[in-house]
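In: Provided below for reference: sequence and predicted model.
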Amino acid sequence: MFCSSCQISRVLLVAVAAITLSVSGCGGGGGGSSSSTTTPPVTTPVTPPASGIVSPMGCGTVTSTGSGNVTPLVVDGFPCAAAGTAGVANFPEQPYISVKICAPGSTTNCQIIDHILVDTGSTGLRIADSALSSTLKAALPAVTNGSATTTVSECEQYVSSYVWGPVVNVDVSIAGKSATGTQMQIFGNSGFSVPSACSTPVGSTTPLTQTDSITSFGGNGLLGVSFSLLDYSSYFDCPDSGTGTCTQNNFSGLPNIVYNFASDNNGVVITLPAVGASGSVTPVVGTLTFGVSTESNNTPVSTLFTLLNDGNLQDYTYATFQAEVGGVWNSAYIDSGTDIAYFNDPGNSSLSACSNTNFNGLYCPATTQSVIFNYANYTTGTPTSQGTFALSVIDPSLFNSNVIAFNNVAGPITNSTTASSDIALGFVTFFGHTNYILFSGQQIPGTGFGSQSTIQGPMNGIN
């Protein structure tokens, strides 16, 4: 989602009348010929519901997280009172699932929590303190890192924000999959003062914004399913007394919850239907499927193009491939936690920056622009195209004020909107496609993934 080892900020809010885009990360594009081409399909937009948005997963009333290795993935704007105002799109363009949390070893002290963000640009499970019942929260043992007098707390930094809170032991279930004896972060009520090393990044004098409430965070929590099997954020030992100084430690990091499942644990598959050029004003429902090439429902039925990411990193949270736009190749990454696409296209003068201050950091072209991204595996040499991806870019002021989901908003790469100079292919690129994320070091047969007999992660596959 966002962080020092993730790529999402969720604090840049752009208004279209009542529309709010919580933007994060960077973005990218490219042009050229290739062996396969994917063009986002278009559907007809739907009339806004007169009675307001009704969430398919409910607001505190969800009773199921799916079955087998599949859980519903919902883009509904989080239309719950906890997010701000009931019945409206408080957080458009965000993918949510429901997660079941249990006290370790218990089958009764459990809670299903809706509107958990899904982020392919971070690792680990984080739940807002206010989303947990007091009974469950009291039964979640703190992680101590070998000390009887301190509790491990995590600082998760994003592009321009952070969350802070303790790490606890927990059992987690999603659909028919479970991770027992695992860990997650509770943000928003740590009981400890935030260390300056957390609130202000190293080398910076500008403090980050603390987003420890549901309304500032944009969800009841977040499930990070990046390539990385561990989260490489900053962890601290904090005195159990609640007073004194928190000191940075060498805690190994929050685990990738999916990797802790007993099976279907080598990656995830995200499938979403297409949305029209005017966006969708009703909830969009897709699926989050666990495992890659472990079941018939997570194995490609036809050849897609694969993107092998940089394997020379310790932290694979946002490992990169190559993308070309306007004749220039750059590093790029695909991230569901970055809601739009960020890229610079030196060959397209029609992609002008918005003059309306409500849309700072976005493109506002006078006419719809079709940008062709040329994708290639990570390489230090000359890239070889694996496929192209077409993205339409429109003036975001044209959207209905009730828009929930869209596939055609982008912005330039600038220091104010990105964590690096990489092209960011955000959630706008997910609609109408199936995205495969194979975790770092995991190996699968090459069936459906091109000409290779085997594939090893980190890998993106796009259909």
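Out: Perfect, thanks for sending it.

In: domain parsing for the chain?
Out: Residue ranges for each domain of the chain read 70-260, 267-462, as given by automatic domain parsing.

In: least reliable of the ones you listed by average pLDDT, please.
Out: With a mean of 89, domain 267-462 has the lowest mean pLDDT of the domains of the chain.

In: what is the end-to-end distance of that domain?
Out: Start and end residues of domain 267-462 are separated by 14 Å (CA to CA, to the nearest Å).

In: is it possible to export the domains of the chain to TSV including distance to residue 62 and mean neighbour count?
Out: Where you see a C-beta, it was placed from the backbone N, CA and C, and this is true even at glycine. Formatted as TSV, those follow (distance: least, CB to CB, whole Å; neighbours: other CB atoms under 10 Å):
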stretch	distance to residue 62	mean neighbour count
domain 70-260	4	21
domain 267-462	13	20
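
In: ok, which of these comes nearest residue 61?
Out: Ranking those by proximity to residue 61 (CB to CB) places domain 70-260 first, at 7.9 Å.

In: quick one: end-to-end distance for the closest one.
Out: End-to-end for domain 70-260, by CA to CA: 16 Å.

In: same thing with stretch 440-449?
Out: With CA to CA as the measure, stretch 440-449 spans 16 Å from end to end.

In: quick one, phi psi at residue 196?
Out: The phi and psi values for residue 196, taken as degrees, to the nearest 10, are phi -60, psi -30.

In: just use 24 as the starting number from now, easier for me
Out: Got it, the first residue is 24 from now on, which makes the last one we talked about residue 219.

In: got the domains of the chain as CSV, with distance to residue 82 columns?
Out: Formatted as CSV, those follow (distance: least, CB to CB, whole Å):
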stretch, distance to residue 82
domain 93-283, 4
domain 290-485, 13
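
In: how close does residue 383 get to residue 87?
Out: Applying CB to CB, to the nearest Å, the value for residue 383 to residue 87 is 41 Å.

In: and the longest strand along the chain, what does it pack against?
Out: What stands out as the longest strand in the chain, according to DSSP state E, is strand 184-197. On a contact count with 3 or more CB pairs under 8 Å, 6 or more residues apart in numbering; DSSP states H and E, strand 184-197 meets strand 119-125, strand 146-151, strand 173-180, strand 200-210, helix 219-222, strand 232-233.

In: so which of the ones you listed is nearest residue 293?
Out: strand 119-125 (10.4 Å).

In: could you list every helix and strand in contact with the helix or strand following the closest one?
Out: With elements assigned by DSSP states H and E, the helix or strand that comes after strand 119-125 is strand 133-142. Strand 133-142 sits against strand 119-125, strand 146-151, strand 244-248, with contacts defined as 3+ CB pairs under 8 Å, 6+ apart.

In: will you turn these into JSON lines that also has distance to residue 93?
Out: Converted to JSON lines, the helices and strands packed on strand 133-142 look like this (distance: least, CB to CB, whole Å):
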{"stretch": "strand 119-125", "distance to residue 93": "10"}
{"stretch": "strand 146-151", "distance to residue 93": "18"}
{"stretch": "strand 244-248", "distance to residue 93": "14"}
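
In: gap between residue 472 and residue 480?
Out: Distance from residue 472 to residue 480, by CB to CB: 11 Å.

In: and what of residue 433?
Out: From residue 433 to residue 480 the distance is 27 Å (CB to CB).

In: residue 328 too?
Out: Residue 328 sits 16 Å away from residue 480, taking CB to CB as the criterion.

In: check residue 410 too.
Out: Taking CB to CB, one finds residue 410 at 18 Å from residue 480.

In: repeat for residue 124
Out: Distance of residue 124 to residue 480, computed by CB to CB: 27 Å.

In: kindly report the same for residue 437.
Out: As judged by CB to CB, residue 437 and residue 480 stand 31 Å apart.

In: same question, residue 184
Out: 28 Å.

In: of the helices and strands packed on strand 133-142, which is nearest residue 255?
Out: Closest of the helices and strands packed on strand 133-142 to residue 255 is strand 146-151, at 7.9 Å (criterion: CB to CB).

In: that closest one - contacts with which helices or strands?
Out: Using 3+ CB pairs under 8 Å, 6+ apart: strand 146-151 touches strand 119-125, strand 133-142, strand 184-197, strand 200-210, strand 244-248.

In: for the following helix or strand past it, the distance to its chain's centre please.
Out: Using DSSP H and E, the helix or strand that directly follows strand 146-151 along the chain is helix 157-161. Counting by CA atoms, centre = their mean, to the nearest Å, helix 157-161 is centred 27 Å from the centre of its parent chain.

In: ditto for stretch 426-435
Out: Taking CA atoms, centre = their mean, one finds stretch 426-435 lying 15 Å from the centre of the chain it belongs to.

In: and for stretch 352-368?
Out: Computed by CA atoms, centre = their mean, the chain-centroid distance of stretch 352-368 equals 12 Å.

In: what's the first-to-last distance across it?
Out: Start-to-end, stretch 352-368 (CA to CA) is 11 Å.

In: go on, stretch 359-366?
Out: This stretch, stretch 359-366, spans 16 Å end to end (CA to CA).

In: swap in stretch 367-375?
Out: Its first and final residues considered, stretch 367-375 spans 10 Å by CA to CA.

In: next: stretch 112-131.
Out: 33 Å.

In: got it, and stretch 146-155?
Out: 20 Å.

In: kindly report the same for stretch 314-321.
Out: End-to-end span of stretch 314-321 (CA to CA): 6 Å.

In: how far away is the residue nearest to residue 331 when sequence neighbours are not counted from residue 292?
Out: Closest residue to residue 331 apart from its sequence neighbours, by CB to CB, 6 or more residues apart in numbering: residue 400 at 4.3 Å. Applying CB to CB, the value for residue 400 to residue 292 is 20 Å.

In: before we move on, what about residue 280?
Out: From residue 280 to residue 292 the distance is 16 Å (CB to CB).

In: ok, residue 320 next?
Out: Taking CB to CB, one finds residue 320 at 8 Å from residue 292.

In: and if you look at residue 350?
Out: Using CB to CB, residue 350 is found at 33 Å from residue 292.

In: repeat that for residue 185.
Out: From residue 185 to residue 292 the distance is 30 Å (CB to CB).

In: one more: residue 470?
Out: 14 Å.

In: now residue 126, nearest residue through space, not along the chain?
Out: Closest residue to residue 126 apart from its sequence neighbours, by CB to CB, 6+ apart: residue 162 at 3.7 Å.

In: same question for residue 429.
Out: residue 302 (3.8 Å).

In: ok, now which ones touch the one you found?
Out: 68, 422-423, 426-430 (CB atoms under 8 Å, 6 or more residues apart in numbering).

In: phi, psi for it please.
Out: Main-chain dihedrals, residue 302, degrees, to the nearest 10: phi 80, psi -180.

In: now residue 283
Out: The phi and psi values for residue 283, taken as degrees, to the nearest 10, are phi -80, psi -10.

In: tell me if I'm right that it and residue 205 touch.
Out: Yes: Residue 283 is within contact range of residue 205, at 5.0 Å (criterion: CB atoms under 8 Å).
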